[in-house]
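> Could you look at this predicted model? Sequence included:
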Amino acid sequence: MTTAIRVRGFSHYFGGERTLRGLDLDVERNEILGIIGPARSGKSTFLCALNRLNDLIRGSRIEGTISVDGRNIYDPDVDVVELRRKLGMVFATPVPLPRSIYENIAFGPRLAGSHDRAGLDATVKDSLEKGGLWAEVRDRLDSSALKLSGGQQQRLCLARILALKPDFILLDEPTSGLDPISTMKIEDSLRKLKKEYTIVLVTNNTKQAARVADRTAFFLNGELVEVGPTARIFTAPADSRTDDYLRGKFG
Amino acid sequence: MKSDMKGRGRNKLERTDRLVRLSLLVVAFSAVSTLAVITIFMFEQGAPIMFKYGLRSFLAGSDWYPTEKIFGLWPMIVGSLYVTLGAMVIGVPFGLACAVVLTEFSSRPVRRVIKPVIELLAGIPSVVYGFIGVVILVPFIRENLGGPGLSVLAASIILGIMILPTIISISVDSIQAIPLSYREGSVALGATKWQTVKMVLLPAARSGIIASVILGMGRAIGETMAVIMIAGNAASVPRSVLDPVRTLTSNIALEMGYASGEHRQALFATGVILFIIIMILNTVANVTSSRMKGSKG
């Protein structure tokens, strides 16, 4: 196993509030790292920090470093657009663009300057297959993406990220609004995808982390309480706060 | 006894209720009926003459000599359309660019100052716009581009500026109404800010933008005072943008002072044509904006 993302002494401030406190955390290549924790524990903030989506929020400030493939992504000369392509993100609420299914997937590659129709067709098919949606939409690629069900929209958003050929997939509570069947389909896709990608999965559903994550990290109040192999975290947590959270004593 | 009093109290309440409802109905109806009376009066005055001289010669005739009973409205219809189109060509790109800059590329304090200032533009009386046109724009065109200066071009530029507030404020509102998640989604896909604007925000705000353009168009086609002052008002089809032009609205305003008999009726007929054109534009605007609401759900 090699380290793909190395986080050292990373703090994040929003206005005067310290939302992440001195994190040290590694993400190994081709693993699924699950991040659990109660609301406002800094999970999503951390995820957004990984592809600098927090730049969009005024008044956010950071300390420390995050290295992706050995390079500090907060260096001033980092190409943020390139970075966001490399670390694709799926949000809690699926947000298809108000266009056709095909155009939603082709959006990213087109932005990157690929206009070759045959190449795009292949990318769209490949991405939808990996996202587990191809069989359901192959006959209606030209219909509006807004007509898909919630679960289909979320898989579309996953496929849309895959079309960018990223190295990392960041998921922010991807199944929080979905029914159990759709959730299962997404989890199946994730298990297959980790062969090719490194995945960071933020989830409110601790059982989801138990089902799919190789390692699990527990966040509380902007702090990393502990991180370790999922089986150990769920059976023998080292910190009593982790134990309390998993037993449902708070959060 | 006690229950009797209760009953009487309720009766009184019901009577007040009915009274209020009735008076509100009268007030509401008076607004609608004013519109109805204007419409009926205008059609009653203007429609007969159109049919007397033939709808075709009235709409397509290119000569307007009202004192000799030759009523061809074609130059004015074309004039109104040219001037409105010119205003669109100038106003829409500027307005849209301004809306995008205000929503996406400027900070909140800047937007707080600029947006009210732009909306203030709508409050300047049109005669002031016309005056500025006469004093500055018309001589500038005459000296630099030739022609009389009073022209399609001058009218288009002034109208283009006059419709900016309409286009900007409605476009800004519809771009701001786009959920943040659209922006996040697009940026997370590796789009730059400009790519996000071009490929996500403008298409998502499309119906609002179209509605703003159509409302601006309605304002341009209905404007009278500023146009009379700078368009030259010759009742002939202009051959270039530097030629003078007369619009439907100017036609009514210029001649109503001395018109009588059939001439007066022909001016009402001009109003009827204008009324129909504006009705069509409003209907289109309503349909597009209601479609916008529909697609959000």
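It's in.

> so where does residue A:127 fall, helix or strand?
helix A:117-130 (DSSP states H and E).

> Give the rounded mean pLDDT of that helix.
For helix A:117-130, the mean per-residue pLDDT is 91.

> same for that helix, what does it pack against?
Helix A:117-130 makes packing contacts with helix A:101-111, helix A:134-137, helix A:150-162, helix A:180-193 when contacts are defined by 3 or more Cβ pairs under 8 Å, 6 or more residues apart in numbering or on different chains; DSSP states H and E. The C-beta positions use only the backbone N, C-alpha and C, and glycine is treated the same way.

> any idea which helix or strand comes after the longest one?
By that I understand helix A:180-193. strand A:198-202.

> What are the boundaries of the strands in chain A?
Under the criterion DSSP state E, chain A carries strands at the ranges A:3-14, A:17-28, A:32-36, A:60-68, A:71-72, A:87-90, A:168-172, A:198-202, A:215-220, A:223-229.

> What's the local residue count around whichever residue of the stretch 101-250 of chain A sits closest to chain B?
The minimum distance from the stretch 101-250 of chain A to chain B, using Cβ to the nearest Cβ, falls at residue A:108 (4.5 Å). Using other Cβ atoms under 10 Å in any protein chain shown, residue A:108 is surrounded by 26 other residues.

> again, but for the one 10 residues further on
Here the neighbour count serves as a burial measure; for residue A:118 (other Cβ under 10 Å) it reads 7.

> what sits against residue 248?
Let's take chain A. If you count contacts by Cβ atoms under 8 Å, 6 or more residues apart in numbering or on different chains, residue A:248 has none.

> Let me rephrase: I mean chain B.
Contacts of residue B:248 (Cβ under 8 Å, 6+ apart): B:73, B:76-77, B:79-80, B:221, B:270, B:273-274, B:277.

> Those in strands, which ones?
Using DSSP E, none of these sit in strands.

> just the strands in the stretch 1-150 of chain B please.
Secondary structure of the stretch 1-150 of chain B by DSSP state E, counting those that start in this stretch: the strands cover B:64-65, B:70-71.

> Which stretch among these approaches residue B:55 most closely?
strand B:70-71 (11.3 Å; Cβ to Cβ).

> quick one: strands adjacent to the closest one?
Using DSSP bridges, strand B:70-71 pairs in its sheet with strand B:64-65 (antiparallel).

> Residues in contact with the partner strand: which ones?
Against strand B:64-65 from outside (Cβ under 8 Å, 6+ apart): B:70-73, B:75-76, B:235, B:251.

> Spatially nearest residue to residue B:47, not counting backbone neighbours?
Excluding the flanking residues, the one nearest residue B:47 by Cβ to Cβ, 6 or more residues apart in numbering or on different chains is residue B:272, at 6.4 Å.

> Would you mind confirming that the one you found makes contact with residue B:40?
No. Between residue B:272 and residue B:40 there is no contact, the gap being 11.4 Å when judged by Cβ atoms under 8 Å.

> Who has more neighbours out of the two?
When residue B:272 and residue B:40 are compared for neighbours, residue B:272 comes out ahead with 18 against 11, by other Cβ under 10 Å.

> can you pull the contacts of the more buried one?
So residue B:272 contacts B:42-43, B:46-47, B:50 (Cβ under 8 Å, 6+ apart).

> again with residue A:128
Contact criterion Cβ under 8 Å, 6+ apart gives A:105, A:134, A:137-138, A:156, A:159 as the residues in contact with residue A:128.

> Buried residues in the strand or helix carrying residue B:172, which are they?
Per DSSP H and E, residue B:172 falls inside helix B:164-176. For helix B:164-176, the neighbour count (16 or more other Cβ atoms under 10 Å in any protein chain shown) marks B:164-172, B:174-175 as buried.

> Show me the shaky parts of the chain.
Using chain A here. Along chain A, the parts satisfying pLDDT under 70 run over A:1, A:251.

> that's the other chain; I wanted chain B
B:1-8, B:289, B:291-297.

> Grab the nearest non-local neighbour of the closest residue to chain A within it.
Closest residue of chain B to chain A, Cβ to the nearest Cβ: residue B:190 (3.7 Å). Closest residue in space to residue B:190, ignoring its immediate chain neighbours: residue A:85 at 3.7 Å, by Cβ to Cβ, 6+ apart.

> neighbours around that neighbour, how many?
Other residues close to residue A:85 by other Cβ under 10 Å number 23.

> ok, so what distance separates it from residue A:237?
Counting by Cβ to Cβ, to the nearest Å, the gap from residue A:85 to residue A:237 is 36 Å.

> picking up where we left off before, mark which of the contacts of residue B:272 are part of helices, please.
In helices, defined here by DSSP state H, the members of the contacts of residue B:272 are B:42-43, B:46-47, B:50.

> Any buried residues in stretch B:273-283, and which?
B:273-275, B:277, B:281.

> Likewise for stretch A:109-125?
A:109-112, A:120, A:123-125.

> Check stretch B:47-61 too.
Buried residues in stretch B:47-61, defined by neighbour count with 16+ other Cβ under 10 Å: B:49-50, B:53, B:57-58, B:61.

> how long is that stretch end to end?
17 Å (Cα to Cα, to the nearest Å).

> In contact with residue B:99, which residues?
B:167-168, B:171-172, B:175, B:209.

> just those residues now: which is nearest residue B:105?
Of the contacts of residue B:99, the one sitting nearest to residue B:105 (Cβ to Cβ) turns out to be residue B:175, at 11.5 Å.

> Kindly confirm my reading that residue B:281 is in a strand.
No. Counting by DSSP: H, G, I helix; E, B strand; the rest coil, residue B:281 is not found in a strand; it is helix.

> Next, work out how far apart it and residue B:168 are.
According to Cβ to Cβ, residue B:281 and residue B:168 sit 19 Å apart.

> go on, residue B:62?
In terms of Cβ to Cβ, residue B:62 sits 37 Å off from residue B:168.

> same thing with residue A:28?
From residue A:28 to residue B:168 the distance is 52 Å (Cβ to Cβ).

> quick one, what contacts residue B:230?
B:130, B:133-134, B:137-138, B:150-151, B:154-155, B:158.

> Those in helices, which ones?
B:130, B:138, B:154-155, B:158.

> so residue A:164 touches residue B:191, yeah?
No. Counting by Cβ under 8 Å, residue A:164 does not reach residue B:191; the two are 10.5 Å apart.

> Which neighbours do these two have in common?
residue A:108.

> how many other residues sit next to residue A:159?
27.

> ok, for it, nearest residue in space, not its chain neighbours?
residue A:131 (3.1 Å).

> ok, that neighbour to residue B:213 distance?
Distance from residue A:131 to residue B:213, by Cβ to Cβ: 38 Å.

> out of these two, which sits in the busier spot?
Neighbour totals were compared for residue A:131 and residue B:213, and residue A:131 leads with 25 against 22 (other Cβ under 10 Å).

> That one against residue A:154, yeah?
No. Residue A:131 lies out of contact with residue A:154 (Cβ under 8 Å); the separation is 9.2 Å.

> Quick check: residue B:106 vs residue B:253, distance?
From residue B:106 over to residue B:253 (counting by Cβ to Cβ), the distance is 40 Å.

> Also residue B:172?
33 Å.

> what residues does the stretch 1-150 of chain A put near chain B?
Residues of the stretch 1-150 of chain A lying close to chain B (Cβ under 8 Å from any Cβ of the partner chain) are A:51, A:53, A:56, A:81-82, A:84-85, A:88-89, A:91, A:93, A:95, A:97-99, A:107-108, A:111-112, A:146.

> hmm, back to that, for the contacts of residue B:230, which two are the farthest from each other?
B:130 and B:151 (13.8 Å).

> quick one, which of the two is more surrounded?
More neighbours surround residue B:151 than the other of residue B:130 and residue B:151, with 29 against 24 (other Cβ under 10 Å).
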